[in-house]
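Engineer: attaching a predicted model along with its sequence, questions to come.
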Number of protein chains: 4
Amino acid sequence: MIRGKGRVNLELALRMTEAAMKQAFREGAAISVAVVDEGGNLVSFQRMEGAEVSGPTLAPGKAYTSVALRRPTSELPALTGPGGELAGLAGSGFVCFGGGIPLWSGYGGAAYVAGGIGVSGGTVTQDVACAEAAASVWASR
Amino acid sequence: MIRGKGRVNLELALRMTEAAMKQAFREGAAISVAVVDEGGNLVSFQRMEGAEVSGPTLAPGKAYTSVALRRPTSELPALTGPGGELAGLAGSGFVCFGGGIPLWSGYGGAAYVAGGIGVSGGTVTQDVACAEAAASVWASR
Amino acid sequence: MIRGKGRVNLELALRMTEAAMKQAFREGAAISVAVVDEGGNLVSFQRMEGAEVSGPTLAPGKAYTSVALRRPTSELPALTGPGGELAGLAGSGFVCFGGGIPLWSGYGGAAYVAGGIGVSGGTVTQDVACAEAAASVWASR
Amino acid sequence: MIRGKGRVNLELALRMTEAAMKQAFREGAAISVAVVDEGGNLVSFQRMEGAEVSGPTLAPGKAYTSVALRRPTSELPALTGPGGELAGLAGSGFVCFGGGIPLWSGYGGAAYVAGGIGVSGGTVTQDVACAEAAASVWASR
């Protein structure tokens, strides 16, 4: 669980985005990065040169989904398939594979999801690495 | 007509966004700013603290609409109202009031719309002023 | 009422599209042209170089709407406004301004709408002229 | 990887469509063929007599998906199924089985996806064969 404090604001969203972008350069991937707030509403979005045209759909979708379900989207393929606990969830704004990470705030019973980050454009492994780089900014400040 | 050159990229989108944000501070408005490319696909989005939760819908919608119709969205209320030439266009992704401005590239017969900017969150007058501040970056570089 | 005979097929759709395109060249407009069948389903679509990115939405929308309502979409602004018989229809696939024309087949009580043509990209006047050029192919064969 | 040069335009889209249609006749299949540009926006669409009414959804969807994911949609069933890396992607505009092929332009680091072709209506094997016939026009000009 990625745990930080306070709420997501634009300045922080841009710092997280920058960290994701730096990781993408290391990965050799062209990505889109979305940050949403606790309401699941978009705070910032950036699409690199050459990144997929579906980035504006998938990156915010992963960020939203991570907030909505309060877990990394990388955990969802095992849950959303046939017979799974969340069978058939994908679609209609939910993007249910790796690249989305919820940002927790506070401790213990007072912890809540303050926002989420979503990355799309590389392989899923690359997307997850970029999202984790962004989330580490949240956790370390 | 806002005329510049070349294509929209992320670096330029962020500079335009910064100009819109500065104007918003002068206006005392809390806004969202979207930049789309010539295909109408989102390149960047930023929502200031306190800006409306509908910004992620309205700002990209204005930017898209300005590209789709190749005119500032401030011209649309006169056309899309009851009995107007484009009556009922609003909705389904089209946002038909001020705050969207197309970004033209090239000259004469070779001119094309290279992207668009959309601002939402203030009054329409404020949104237009912020979008124009962003567009002036496009025109002056 | 544009009256012809038989059903819409691809070969005929392409001939109607060609007529619309020729009219667009005369008008100096860059357009998209859609032809739908009696089920409102797309048969053909063409978007000229430089035509708006919303053409894939608006041209099929006008063609569909003309079939659904069995009248030219140019008649709709007067009907879809506040207090109008079809108030608020626009949106969700209905495009309610000029550029869509239904293609009638047969005579008298046996007449039915066999399809529709939709044009978008120029001014509404240009779109209507292009759609009429296409419809004249339907009527004259 | 289907590699060509330049951008997709209407004339080229129609030539690719013709090649797909000819292959469909050889296959004895009734198909729809869509071509989209680098922004994922439809350039042309044609549906043969007798082809499924869902062609207008599936063929553009395959073309869009091939551009968005920069790979043939025939590679997707293994990735989007239960437990797969892209589990649940299908839907919301993504069509994740064979018949979509991205069209690459340029070489090496400057290569980019300039558009995509999508075919639907036959068996998946037939759709893929028709899409490949279209893509060969892109590669050989």
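Structural biologist: Arrived safely, thanks for sending.

Engineer: which residues of chain A fall in strands?
Structural biologist: A:3-4, A:32-37, A:42-47, A:100-105, A:112-120 (DSSP state E).

Engineer: for the residue lying farthest from the centre of chain A, give me the pLDDT.
Structural biologist: Of all residues in chain A, residue A:83 has its C-alpha farthest from the mean position, at 25.5 Å, by CA atoms, centre = their mean. pLDDT recorded at residue A:83 is 85.

Engineer: same question, residue A:35
Structural biologist: Predicted confidence (pLDDT) for residue A:35: 98.

Engineer: returning to that earlier point: compare the strands of chain A and give me the one nearest chain C.
Structural biologist: For chain C, the closest of those is strand A:42-47, at 16.4 Å, according to CB to the nearest CB. Just so you know, the C-beta spots here come from the backbone N, C-alpha and C atoms, and that holds for glycine as well.

Engineer: count of neighbours near the residue nearest to residue A:129 when sequence neighbours are not counted?
Structural biologist: In this structure, residue A:129 finds its nearest non-sequential neighbour in residue A:23, 5.7 Å apart by CB to CB, 6 or more residues apart in numbering or on different chains. Residue neighbour count, defined by other CB atoms under 10 Å in any protein chain shown, stands at 23 for residue A:23.

Engineer: gap between residue A:23 and residue A:115?
Structural biologist: Applying CB to CB, to the nearest Å, the value for residue A:23 to residue A:115 is 19 Å.

Engineer: which ones are touching residue A:42?
Structural biologist: Shown in contact with residue A:42 (CB atoms under 8 Å, 6 or more residues apart in numbering or on different chains): A:34-36, A:60, A:63, B:45, B:47, B:55-56.

Engineer: next, give phi and psi for the residue of chain A found nearest chain C.
Structural biologist: Nearest residue of chain A to chain C: residue A:53, at 11.5 Å (CB to the nearest CB). With angles defined as degrees, to the nearest 10, residue A:53 sits at phi -70, psi -20.

Engineer: find the residue closest to it in space, skipping its chain neighbours.
Structural biologist: residue D:40 (4.4 Å).

Engineer: how near is the one you found to residue A:129?
Structural biologist: 26 Å.

Engineer: look at those two and report which has more neighbours.
Structural biologist: Using other CB under 10 Å as the criterion, residue D:40 and residue A:129 rank with residue D:40 on top: 25 against 20.

Engineer: verify the contact between the more buried one and residue D:67 for me.
Structural biologist: Yes. If you go by CB atoms under 8 Å, residue D:40 and residue D:67 touch, sitting 5.1 Å apart.

Engineer: mutual contacts of the two, please.
Structural biologist: A:53, D:116.

Engineer: tell me which residue in chain A sits closest to chain D.
Structural biologist: residue A:90 (2.5 Å).

Engineer: residues in contact with the residue nearest to that residue when sequence neighbours are not counted?
Structural biologist: The shortest distance from residue A:90 to any residue other than its chain neighbours is 2.5 Å, reached at residue D:88 (CB to CB, 6+ apart). Contact analysis of residue D:88 by CB under 8 Å, 6+ apart lists A:76-77, A:80-81, A:88-91, A:94-97, D:80.

Engineer: next: residue A:73.
Structural biologist: A:62, A:65-66, A:95-101, A:118.

Engineer: and which of those residues is nearest to residue A:1?
Structural biologist: Nearest to residue A:1 among the contacts of residue A:73: residue A:101, at 9.7 Å, using CB to CB.

Engineer: isn't that closest one up against residue A:133?
Structural biologist: No. Shown here, residue A:101 and residue A:133 do not form a contact pair, counting by CB under 8 Å, at 10.3 Å.

Engineer: okay, these two: which has more neighbours?
Structural biologist: Set side by side, residue A:101 and residue A:133 show more neighbours around residue A:101, with 28 against 21, by other CB under 10 Å.

Engineer: now the more buried one: how far from chain B?
Structural biologist: 19 Å (CB to the nearest CB, to the nearest Å).

Engineer: residues of chain A that sit close to chain B?
Structural biologist: Neighbours of chain B within chain A, by CB under 8 Å from any CB of the partner chain: A:9-10, A:13-14, A:39, A:41-49, A:53, A:55-56, A:60.

Engineer: quick one: buried ones out of the residues you listed?
Structural biologist: Burial by neighbour count, judged by 16 or more other CB atoms under 10 Å in any protein chain shown, picks out A:9-10, A:13-14, A:41-48, A:53, A:55-56, A:60 from these.

Engineer: out of these, which two sit at the greatest distance?
Structural biologist: A:9 and A:53 (28.5 Å).

Engineer: the contacts of residue D:88 into JSON lines, with extra columns for distance to residue D:27?
Structural biologist: Formatted as JSON lines, the contacts of residue D:88 follow (distance: CB to CB, whole Å):
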{"residue": "A:76", "distance to residue D:27": "38"}
{"residue": "A:77", "distance to residue D:27": "35"}
{"residue": "A:80", "distance to residue D:27": "35"}
{"residue": "A:81", "distance to residue D:27": "33"}
{"residue": "A:88", "distance to residue D:27": "33"}
{"residue": "A:89", "distance to residue D:27": "37"}
{"residue": "A:90", "distance to residue D:27": "32"}
{"residue": "A:91", "distance to residue D:27": "31"}
{"residue": "A:94", "distance to residue D:27": "37"}
{"residue": "A:95", "distance to residue D:27": "35"}
{"residue": "A:96", "distance to residue D:27": "35"}
{"residue": "A:97", "distance to residue D:27": "34"}
{"residue": "D:80", "distance to residue D:27": "25"}
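
Engineer: mind listing which of the residues you listed are in helices?
Structural biologist: A:77, A:80, D:80 (DSSP state H).

Engineer: need those in TSV with pLDDT and neighbour count, can you?
Structural biologist: TSV is the format used below for the ones in helices among the contacts of residue D:88 (pLDDT from 0 to 100; neighbours: other CB atoms under 10 Å in any protein chain shown):
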residue	pLDDT	neighbour count
A:77	91	23
A:80	88	24
D:80	90	24
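
Engineer: burial count for residue A:82?
Structural biologist: Neighbour tally, residue A:82, other CB under 10 Å: 9.

Engineer: quick revisit: nearest to residue D:137 among the buried ones among the residues of chain A next to chain B?
Structural biologist: residue A:53 (22.5 Å).

Engineer: the residue lying closest to residue A:114 once chain neighbours are set aside bridge partners, please.
Structural biologist: Nearest non-adjacent residue to residue A:114, counting by CB to CB, 6+ apart: residue A:105, 3.8 Å away. Counting by DSSP bridges, residue A:105 forms beta bridges with residue A:4, residue A:112.
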